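**Q** sequence and predicted structure, then a few things I'm wondering about:
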Amino acid sequence: MKIGARIRSDWLTEGDEHLRFLRQIGVEGVGFPLDMLNGYRETGRVDKGDIERLVQRLGALGFTTEVATAPGPMCRDVLIGRPNAPEQIDKLCQIAQMLGDVGIPVLGVHCFYGATLLRRAPARSGRRPAASAPGHPTFDMALTLADQPEPGWTLRHGRGGYAHPGFQLGPFRNTSFDPEARFTADQLWANLLNMYSRLVPAAVKAGVKIAQHGNDPPLTQACGNPQILCTFADFDRLFTEVPSPNNVMTFCVGTRYESGEDILQGIERFGRQVKIGYVHLRNVRGTLPRTGGYEEVFIDDGDVNLRSVLQALKRVGYDGAVDFDHVMQVSGDSPLARDYVAFAVGYIRGLLSE
C-alpha cells in the first residue's frame, strides 16, 4: 500500500512548494477532482493535454497519479434523470478514455446527495474562497463551517480545542428540498444502471476502473427522497447488475463506519472480490443508527481502529493508495491544513511500518 492524498487547485500555487511538501512527508500517490481543470465546471469537459501535463508535473516530483474524480453534480444529473443525462454520460465516457490514455487507473464517481437537490448555503465569504475546494464540500469542512453553514452540520472541538465537523440527523431531516425533486428508489437505480451500462464498457476499453463512493452521509432517506448507495448491500447490487472487474468502489472507511456496518467485514467482503479501487482512511466517532449522527475527528481520535483496517486491507491483497481524507482545523495551521496533513500522513506511515 501507498499513502495517497487528494490535491486541489490551491495545492498547485506557489510553484511546486506545496506538492514538494506532500512528497517530503511521505505521500506517494495523488488524486484530484476534475473540476480543478479548465472547462470542467462550465461544460463538464476537460482537455486531455491538461490532464497529461498535470500527470507529468506530479510524476516529475515522484508521485503516481492514482485517481481522478468526477464531482457530485455531474453524476447527480445522471442519477436523477435530468434531460442532460445522456450528454453527461457521454462526457464521462470520454473522460474515462482520456484517463486511460494518460495512465490514470481509476475514475472516481461520487453520487452525493443524489436525490435531494439540497438548497446549498450561500457561497462562503470568509477567509477561504469557494473555488478553493471545488467538488468536495466536506473535504475541508472543519475549515469552512464557520463561514458556510451546512444543513445538519456544526463545528465542534476536540482535544486541545482542535476544530472538527459534527453531523446530526435531526436538523438535516428538516432541511428544505426542491418540491419538484421527487424520486423513487427504483427510478434512481434505473438511472444509475443506465449510466453504468455505458460507462463501464467505455472504462474497460480504456483500461480504467470506475470507483463508486456512494452517498455521504450514508442516509437511505434524506430530505423527502431515497438515496440508493448507502449500504454494503447497495454495492453488492451494483456489482451484480453490472458485472465487471472494472466496476469497483472507493472504500470510504468513515462513511462505511457511519452507516453502522462492520467495516472489517466489508473489507473482507469486497477485498476478496477485488472490488476496492481506492481507500479513504477517515476516522469518525458515532454512527447514524446508534447515535443519530457522528463526528469527523483526528485520524487517531475516533472509534475506528485504523491499525486493524490496514491489516485487513493487507490480508485481502489491496496494494493501492490509502488517503487521509478530510482535514481537521489545528490552531495556527495554514489554509491548506498542512500541519494536520503532516500529522495524518505520519500516523499512517507509522501504522504501515508495523
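**A** Thanks, I have the structure now. Everything numeric in this text was worked out from a predicted model, so none of it was measured.
**Q** hey, where'd the strands end up in the stretch 151-300 of the chain?
**A** Here the stretch 151-300 of the chain has its strands, by DSSP state E, counting those that start in this stretch, at 153-157, 163-168, 209-212, 221-222, 225-226, 247-252, 276-280, 283-285, 293-297.
**Q** got those as a markdown table, with mean pLDDT columns?
**A** Formatted as a markdown table, the strands of the stretch 151-300 of the chain follow (pLDDT from 0 to 100):
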| stretch | mean pLDDT |
| --- | --- |
| strand 153-157 | 90 |
| strand 163-168 | 92 |
| strand 209-212 | 98 |
| strand 221-222 | 80 |
| strand 225-226 | 82 |
| strand 247-252 | 98 |
| strand 276-280 | 97 |
| strand 283-285 | 97 |
| strand 293-297 | 95 |
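**Q** of those strands, which is nearest Asp325?
**A** Proximity of the strands of the stretch 151-300 of the chain to Asp325 was assessed by C-beta to C-beta; the nearest stretch is strand 276-280, lying at 4.2 Å. No exception for glycine: its C-beta is placed from N, CA and C like everyone else's.
**Q** determine the set of other helices and strands touching that closest one.
**A** Other helices and strands packing on strand 276-280, by 3 or more C-beta pairs under 8 Å, 6 or more residues apart in numbering; DSSP states H and E, are strand 64-70, strand 106-109, strand 209-212, strand 247-252, helix 253-258, strand 321-323.
**Q** now tell me what touches that strand from outside.
**A** Residues from elsewhere that reach strand 276-280 (C-beta atoms under 8 Å, 6 or more residues apart in numbering): 4, 31, 66-67, 106, 108, 209-211, 213, 248-255, 267, 270, 313, 316, 318, 320-323, 325.
**Q** nearest to Leu145, of the strands of the stretch 151-300 of the chain?
**A** Of all the strands of the stretch 151-300 of the chain, strand 153-157 comes closest under C-beta to C-beta, at 4.2 Å.
**Q** run a quick neighbour tally on the residue lying closest to Arg338 once chain neighbours are set aside.
**A** Computed as C-beta to C-beta, 6 or more residues apart in numbering, the closest residue to Arg338 that is not its neighbour in sequence is Phe21, at 6.2 Å. Phe21: 16 surrounding residues under other C-beta atoms under 10 Å.
**Q** distance check, Phe21 against Phe239.
**A** To Phe239, Phe21 is 38 Å away according to C-beta to C-beta, to the nearest Å.
**Q** Glu42 too?
**A** Taken as C-beta to C-beta, the span from Glu42 to Phe239 is 34 Å.
**Q** more neighbours, the two?
**A** Legend: neighbour count by other C-beta under 10 Å for Glu42 and Phe239, higher for Phe239 (17 against 8).
**Q** quick one: the helices in this structure?
**A** Here the chain has its helices, by DSSP state H, at 17-25, 40-43, 48-60, 72-79, 85-102, 141-144, 169-173, 185-206, 232-241, 253-258, 263-271, 288-291, 306-315, 338-352.
**Q** dump the second one to PDB, restricted to CA.
**A** This means helix 40-43. Presented in PDB, the C-alpha positions along helix 40-43 are these (Å, rounded to 0.1, in the frame of the first residue of the first chain):
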ATOM      1  CA  TYR A  40     -15.000  21.200 -16.300                       C
ATOM      2  CA  ARG A  41     -17.200  23.300 -14.100                       C
ATOM      3  CA  GLU A  42     -18.500  25.200 -17.000                       C
ATOM      4  CA  THR A  43     -19.100  22.400 -19.500                       C
END
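**Q** report the buried residues of that helix.
**A** Going by neighbour count (16 or more other C-beta atoms under 10 Å), the buried part of helix 40-43 is Tyr40, Arg41.
**Q** could you do the longest one as well?
**A** Counting neighbours by 16+ other C-beta under 10 Å, one finds that the buried residues in helix 185-206 are 187-189, 191-192, 194-196, 199-200, 202-204, 206.
**Q** what separation do you get for Ser244 and Arg269?
**A** Separation of Ser244 from Arg269 (C-beta to C-beta): 18 Å.
**Q** hmm, I was thinking of Leu79
**A** Relative to Arg269, Leu79 is positioned 24 Å away (C-beta to C-beta).
**Q** just Arg57 next, same as before
**A** Counting by C-beta to C-beta, the gap from Arg57 to Arg269 is 37 Å.
**Q** kindly report the same for Gln56.
**A** 37 Å.
**Q** tell me which of these two has more neighbours.
**A** Legend: neighbour count by other C-beta under 10 Å for Gln56 and Arg269, higher for Arg269 (17 against 11).
**Q** which residues sit in contact with the nearest residue to that one once chain neighbours are set aside?
**A** Nearest residue to Arg269 in three dimensions, chain neighbours excluded: Phe232, at 6.5 Å (C-beta to C-beta, 6+ apart). Listed by C-beta under 8 Å, 6+ apart, the contact partners of Phe232 are Arg256, Glu261, Gly266, Arg269, Phe270.
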